[in-house]
Structures are given as structure tokens and as C-alpha cells.
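>>> Sequence first, then the predicted structure, then my questions.
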Amino acid sequence: MKDRRGRLTVYLGASPGVGKTYAMLGEARRRADRGTDVVVGYVETHDRAHTAEMVEGLEVVPRRTVDHRGTTLTEMDTDAILARAPAVVLVDELAHTNVPGSRHAKRAADVEELRDAGIDVITTINIQHLESLNDEVERITGVRQRETVPDEVVRTADQIQLVDMSPEALRRRMAHGNIYRPDRVDASLTSYFRVGNLTALRELALLWLADRVDDALGDYRRAHDIDHPWPTKERIVVAVTGGAESETLLRRGARLAQRAAGSELLAVHVIAADGLRNADETRISRSQQLVASLGGTSHSVVGEDVAAAVVDFATAANATMVVVGVSRHGRLRRLFAGTTGDRIASLAGAVDVHLVTHDQVARGTRRRSVLSPLSTGRQVAGWLAAVVMPVLLTSVLQAFQDTDQLPLAEMLLLAGTVVVALVGGLLPALVAAVVSFFALNYFFTDPTGQLTVAEPANLLALLVYVAVAAGVATVVDRASRRAGDALRARTEAATMSSLSRSVLTGQDTAEAIVERVREVFGQASVSLLAQGPSGWEVVAHAGPDHACAPDQGDTRVKVDDDHVICLRGEPLRATDQKVLEAFAVQTSLVLEYRRLREREQRAAALESADATSTALLRAVSHDLRTPLATMRASVDGLVDGLVSGELGAADRTTLHEALASSTDQLEGLIDNLLDLSRLQSGLVRPVLRDRSLDEVLPLALAGQPPGAVVLDVDEPAPVVHTDAGLLERVVANLVSNAVRVSAATGGEPVRVLAHVLPERVEVMVVDRGPGVPAEQRAAMFEPFQRLSDTTPGGLGLGLAVARGLTEALEGELSAEDTPGGGLTMVLSLPRGSAP
């Protein structure tokens, strides 16, 4: 199996006859000319001469023949292609349904198997065979397509090539007999191949591919951190305030979107900490229903600056136009404070802004602060401090009877202005500066008690004070904002850095991602959803009452074509949407790592299974054949002796003993195979109880040759917490191995000892055989590993089964050198609590 997954190239056409197969064969010939190993797995020429000519010169893998209901059919031979292992294979008609009885029901599954083997696949499909468009195609053509493939099969292709042809040119090809046989031309031209049908199918193909290209463009922009919009297709963003004019704006936006095919309509409602928080929920709900009926989508974001929030959302959505209503404020407010529409136009950059008039113009009475990024509480505190701070400082200074307090008063009032700027921002600080100016003029500048200035120098000092106060307030306000922005950026950067590091090192999981999203954005719950065959499925979630479908979330962001992150809780700020998209990118990496790990685990499991199967077949062909052959020879000897009457008593005894020995040997081999199967399938369920070793060890040693084993356990025997039956199997396997190697080398008898430790009991099986090198001891516990043991009658399963059963008993099995030569198997078990 190759390391990489094969690439998929799809030639997509609007209808039969546009030249998909011809174009696919053209690419194959170009690749072959460049030296690429290309074969034809399956190509249907439909008896078209030009197509058949393109096949000539290319290697064609013979098809397999299948008998179905008395008819011989041909199908692509997937196994032959896998055995041939080319670099590229051509597979025509991706939506084809295989003959019943094939390994896969659909040819698309054959293609996936080829790609899993690392083979690049070039294939063809018509737009009418996509599952999502089946109903649309039936309404257009009146023909229900029976052979379809899920959109994701094509959507996730590495490359999609559109093979396009105008309806008139396609009908001419049909009339010239280049598509169907002459007897089918007239019927086809008057039914399926009508100009209207072909035009509609062509539009479906173009729009479907445009959506695929748009998805790829969005992935590219996110991957390269491109913030400014690329106007590839019309996306109309309508700024919905929740006022009475919202429906007018939505309808105007829908009309603008309808002017270009494939346009999208997005409605965004900005929830701010000021007047918009009290928007009429009934009207908001009505607006959302209207958006849905117009074929658009609704979104909510949080932003202190409404204009900036709308522009941030439009930029993130790659919008081409923002539709916003003319301000409802009066002329005076618009003159001094400006309007949201004006600010959106100044911030929008390359995004067009469409101002829409409505009946609610100049009727609005709500006052909204769109300039300050501060909360309502800080703004109120700032305005109060703008008046209270100068008055309080003036009162304090008036308590001192100093004749020349102007310099001190200027310094204190300037400090008060700075405090107001820190609390309430720029506008309250400017008001505090003006109030301080009048206080200085009236109370501390000669003549006092009047709003006049006798000395020009004092007048200059007051004017300089106002200028300095205004400048300092501006700098402090900007510095405060920049500090907040820097803190937020640093927090976001630290979060993303930690997330990226954990993802790249493979330490993160989908569960950790959603939990981190919930913590960072302060959401009630977050869920990662996957599109499955039966609908949306929850991959991971954090928090109670999580969303189980995208429409149940208050905020959602697309991870890839199959996954969506849904958030439930407070709507996100517009700037947080970009951070959430970055989380989505990291989530896609997590999912990709998960897929790679699962693929690696499957590959490792297959490799292990292949090794086990090979070893098992080798064992069956050799080690199991030996006792079977002995049993067969013994039975034949007994039968022949009974028939001829020439078999003596001694010979019968010998044959009986050989038959019994072979039967015992075969039974032991089968027991080991069954034990290994139970261990690998997780079916071993030990019943752990306190048991004395003198209940287990004698039974485990039964059946060994006399004098081959010496049991050396102190009285009273230790008590272990174990399953007596499984422990007996472990010790029996260990002793059998030890006896076999000792007998082969003519060594001393095997000794079985027991040592009691504070928390454990160690059972040791000591032999004086050749021993096992330290570097090979890990391998000897693997199934079908016999190392240098060449004695007949074993499969190399004894130690593998022994270790598996030991782990099930919560014990440990290891190997050590025997002093003076040999190997000691140490079985460590939990000590029992009973005396």
C-alpha cells in the first residue's frame, strides 16, 4: 500500500455527448507522453469512432465478465488494476451501478478503493447524476435518474474540469450522429436534448461548479489570512436594525441579489450595548422569517461600533455590497454626529454601499452612541465626572486662601481631565476641559468672579490649557483604546498559538477544541457537528443543552464540507468572527489528524492481521499437519492390523500411545489458538478471587513427564488474587515451554518457585536451557514467534497466550536470565488478602 492517497480528477459535463470521455482520454495521452504510467481501467466508447481512436495506444486492463440472470456482462476489474498498480487509471461513468454480487454496489466505491491504494483516478460524470440535483433534473427533463452519487464524492475531488458545450453545438453533434446511433437521433432531439433542457442543465452545471470554486476560494483566503473581499460573485449584506424599515431593506437587497444568478443574500443584525439592545424582538423574528423566505441567511454579531461591526462582517463574508437604510435621526444629529450609513461607506473600502430611503427617515427618537467603544456604564460615569471633577477640584482649591493659585489650579484640573478621559473617553474629557476653562477663568484669573481676563498672558495660558487638555485627552483616549486592542490581540494570539501548537503536536482532540471555544468566547455550549448519511451527528460537544443541528445554534461557522461548529449563547462580536474562523481552520486540522491516525491504525491492524494470517497458514500447513499425520498413520496401522490379524499387542500399544500423544498435542494447539482468539477479541472475563497456589500449581503441572518438573513452594502456600482457571493455563504454558527446551538440551528438571513480596507474589519457572538473548525477549511474547526453537509440535503461541491471560489477571509476565545459564519466567500476581 502506498503512503499517500490517490488524487481524484473529475471531468464534469452538463449532459451526455459534451466530450467528457474524449477530454479524459486526451489528458491520459498527454500524461503518457510525459512518461506517466497510465492505464485504462474502464472506458465506454459508445461506438464513437473518435473516442475509440483516443483509446488506441493506451494500455487497457481487461474487464471481468459477470453472469447475471443468464446474461454475460462486463465490469471494471478492480483487483486486476490493484495488482497492476499503475500511477494513473481512467475510470469512466463514476455514477455507474455495478452488477449485483460485485464487491461494491457502486463504481464510486471501486474508485475509493483504488485511491486508498495510492492510485490517481481520472473519471467522468454528468451533472444529472449528482444526488442533490436529482429532483431538479427530473423537473427539467421529466426523466428520473436512477444512478446517482453523493455530491461529496465529486465535491471533495482534488480537481474538477468542466467540459462545456453550447446547446446548439451539442444538437449539431447529435444530428451528425456523433453521439447516438442514427435510429435514436430524432427521438433524442425532440425529448431530452431539447434546447431548453440543455440550457437548464448547462446552468445547473455552471452554478454547481461555481459554488465549489467559491468554497475553494474561501479556504484559500482563510489559509492566507486575506481580510479584504474578493468580489468573485454577488453577496449582498443587508444591515438590519430591528426597526420598522428592516423589511424594506431586505426586499430591496433581495431584488439586488436577483439581478445576478448565483447571488447570496445575508442579513446581519448588530447587537450593541446601547439602544440597539432594546430592539423589538418580534420585528427581529419577523425579519429572520422574511430573510428565509427570500432565500437568504440571518446572522447576529455584537459590536459597540455598529458601522465597524457591519463592515467587519461584510469583509469576512467576502461581500460585494452592503445595503443600509438612511438614518432615522434628525438633521441636527446627522450634522454633528454623522450617520451609520456614512461611517459604513467610509470604512467599507472596496465594498459597495447602497443607501436605501424609507418611511422611517427622521422619525427615530432613540439616541445611540456609535463612536465610543466603551460600555454604557463607563460613558455615564465619564459624563458625570466631566462635570463633577472640575467642580470638586475647584471647591478644594477655594478652601485655601492662596492669592496665586492659577498654576496649581491648571495642573490639578488638567489631571482631572486626564482621569475623565480614562473613565469616559474623548467627548466627556473635552467637556471637562471646557468646564475647567470657565472655572479657571472665573475663580482663579484676575479679575476673579467675572468671565473676563485682564492680562493677555493669562488669556494665552487659558487657551493653551484648553489645547493641552484636549490634546492630552485625545492621546489618553487613543492610548486606552490601543491598550484594549493590544490586550485583546495578545489574548487571541496566545489562544491561537496554544491551539496551533497542540494541534501540530497531535495532542489536541475535537473535545478539547469545542471546550476551548466555549471558554474563549464565553458560550453556554459548543458542538461540532458532522453531516452523516442520516443527518447531522454530534462529533464532540461542551456545555449543557448543546445544538444537534446547525439551525439550533445561535452562531455557526463552517469547518469543511462535512463539519460545522455551532455555538449557543451570547452573539459574538464582529471581530470575534475572524477568531472563530481561525478555530474552524484548526478544527479541520484536528479532524484531518484524526482521520490520518485512524487510517494509520487501520493500516497497522491490517498489517498485523496479515502477519498473523501468514503465520497461522504457515503453522497450519506444518505444525498442525504433524499430529494429524501421526494420528492418520496410527489409525491406518490399527485398521490394517485388525484386518490382517498380524498386529501384535506391543505394536497396538505403541500405536495407541502415538494416537493419544498426537491427540493431546493437537488439543493443546487448538486450545492455544482459541485462547489467542478470545484475547484479541476481548472476550476474556476473569473472575478474580483469593486462591492459594497449592490449589492451582499442582493442576498446572499435571501431564508433564515424571521428574521433568520440581515444585518448590513453601508451606503454607501463598495466596494470590486471581482466576484459578486462567492462572492454571498460564503456568501450564510456561512450564510446557520450559520442559520442551530443557528436554531438547538434556538439561536439569524445570523448577517452579514462589516468592512472597509485600504487595505481590512472584511465581518463577526456572529452566536450564539455552536461554533467550535480551534483544529477542520482547519478540518472544508475540504470536507465532518461535525464535530459535525448532522442536516439533508448537505454533509459537504459548508465551503470547500466557502474557495475554496474565494481563487479564492484572499481573505481569517477564523473562530473566537464570544464574548459570537458562531462562527464568517471572509471573507477578496481586497478593491475596486472605490468610
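Arrived safely. The model shown is predicted, which means the values in this text are computed figures rather than measured ones.

>>> Listing request: residues of the stretch 551-700 of the chain with sub-threshold pLDDT.
574-575, 578, 605, 608-626, 643, 665, 668-669, 671-684 (pLDDT under 70).

>>> Go again with 50.
Where the stretch 551-700 of the chain drops to pLDDT under 50, the residues are 622.

>>> which residues of it fall in strands?
Per DSSP state E, counting those that start in this stretch, the stretch 551-700 of the chain carries strands over the ranges 555-558, 563-568, 689-692.

>>> What's the first helix or strand after the one helix or strand in the chain whose mean pLDDT sits lowest?
Across the helices and strands of the chain, mean pLDDT, DSSP states H and E gives its lowest value to helix 331-337, namely a mean of 56. The helix or strand immediately downstream of helix 331-337 is helix 340-347, counting by DSSP states H and E.

>>> Buried residues of that following helix, list them for me.
Using 16 or more other CB atoms under 10 Å as the test for burial, helix 340-347 gives 340-345, 347. In this view, the C-beta of every residue, glycine as well, is placed from N, C-alpha and C.

>>> what comes into contact with it?
Contact partners of helix 340-347, identified using CB atoms under 8 Å, 6 or more residues apart in numbering, comprise 239, 305-308, 310-311, 322, 324-327, 353, 355, 370.

>>> before we move on, what about stretch 641-651?
637-638, 640, 652, 655.

>>> coming back round to it: just the buried residues of helix 340-347 now: which is nearest Gln128?
Ile344 (43.3 Å; CB to CB).

>>> Could you check which helix or strand contains the spatially closest residue to Val468 that is not a sequence neighbour?
Nearest non-adjacent residue to Val468, counting by CB to CB, 6 or more residues apart in numbering: Leu414, 6.7 Å away. Secondary structure assignment for Leu414, by DSSP H and E: helix 406-424.

>>> Can I get the helix or strand just after that helix in PDB, CA atoms only?
Using DSSP H and E, the helix or strand that follows helix 406-424 in sequence is helix 426-439. The C-alpha trace of helix 426-439 is given here as PDB (Å, rounded to 0.1, in the frame of the first residue of the first chain):
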ATOM      1  CA  LEU A 426     -12.700  61.600  24.500                       C
ATOM      2  CA  LEU A 427     -16.000  63.500  24.400                       C
ATOM      3  CA  PRO A 428     -16.500  63.700  28.200                       C
ATOM      4  CA  ALA A 429     -12.800  64.800  28.500                       C
ATOM      5  CA  LEU A 430     -13.400  67.600  26.100                       C
ATOM      6  CA  VAL A 431     -16.400  68.700  28.100                       C
ATOM      7  CA  ALA A 432     -14.300  68.600  31.300                       C
ATOM      8  CA  ALA A 433     -11.700  70.700  29.600                       C
ATOM      9  CA  VAL A 434     -14.300  73.400  28.700                       C
ATOM     10  CA  VAL A 435     -15.800  73.300  32.200                       C
ATOM     11  CA  SER A 436     -12.300  73.600  33.600                       C
ATOM     12  CA  PHE A 437     -11.600  76.600  31.300                       C
ATOM     13  CA  PHE A 438     -14.500  78.500  32.700                       C
ATOM     14  CA  ALA A 439     -13.700  77.500  36.300                       C
END
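
>>> Among the contacts of helix 340-347, which lie within helices?
Among the contacts of helix 340-347, the residues falling in helices (DSSP state H) are 306-308, 310-311.

>>> Confidence-wise, which of the residues you listed comes last?
Within these, Val306 has the lowest pLDDT, namely 84.

>>> And for it, the neighbour number?
24 (other CB atoms under 10 Å).

>>> Next: Val752.
24.

>>> Arg64 too?
15.

>>> Is Ser300 in a helix, a strand, or coil?
Here Ser300 is recorded as strand under DSSP: H, G, I helix; E, B strand; the rest coil.

>>> Next up, the contacts around the spatially most central residue of the chain.
Per CA atoms, centre = their mean, the C-alpha nearest to the average position across the chain is that of Leu591, at 2.3 Å. By CB under 8 Å, 6+ apart, Leu591 lies in contact with 510, 559-560, 563.

>>> which of those residues tops the neighbour count?
Busiest of the contacts of Leu591 [other CB under 10 Å] is Val559, holding 24 neighbours.

>>> Relative to Val517, how far out is that residue?
According to CB to CB, to the nearest Å, Val559 and Val517 sit 11 Å apart.

>>> for Ser246, same thing?
30 Å.

>>> again, but for Thr74
Thr74 sits 53 Å away from Val517, going by CB to CB.

>>> Then Val310?
Distance from Val310 to Val517, by CB to CB: 24 Å.

>>> Likewise for Met389?
42 Å.

>>> Minimum distance to Asp211: which of the strands of the stretch 551-700 of the chain has it?
Counting by CB to CB, and looking across all of the strands of the stretch 551-700 of the chain, nearest comes strand 555-558 at 12.7 Å.

>>> So what are the sheet partners of the closest one and their directions?
Using DSSP bridges, strand 555-558 pairs in its sheet with strand 563-568 (antiparallel).

>>> Put the alpha carbons of the partner strand into CSV.
Output in CSV follows, covering the C-alpha atoms of strand 563-568 (Å, rounded to 0.1, in the frame of the first residue of the first chain):
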residue,chain,number,x,y,z
HIS,A,563,-18.5,19.7,9.6
VAL,A,564,-19.9,22.8,11.3
ILE,A,565,-19.2,24.4,14.7
CYS,A,566,-22.4,25.6,16.4
LEU,A,567,-22.4,27.9,19.4
ARG,A,568,-25.3,28.6,21.8
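
>>> Can you point out the buried residues in that strand?
So, applying 16+ other CB under 10 Å, buried residues of strand 563-568: 563-568.

>>> now it, how far from the centre of its chain.
Its chain's C-alpha centre lies 12 Å from the corresponding centre of strand 563-568 when counted by CA atoms, centre = their mean, to the nearest Å.

>>> Thanks a lot, catch you later.
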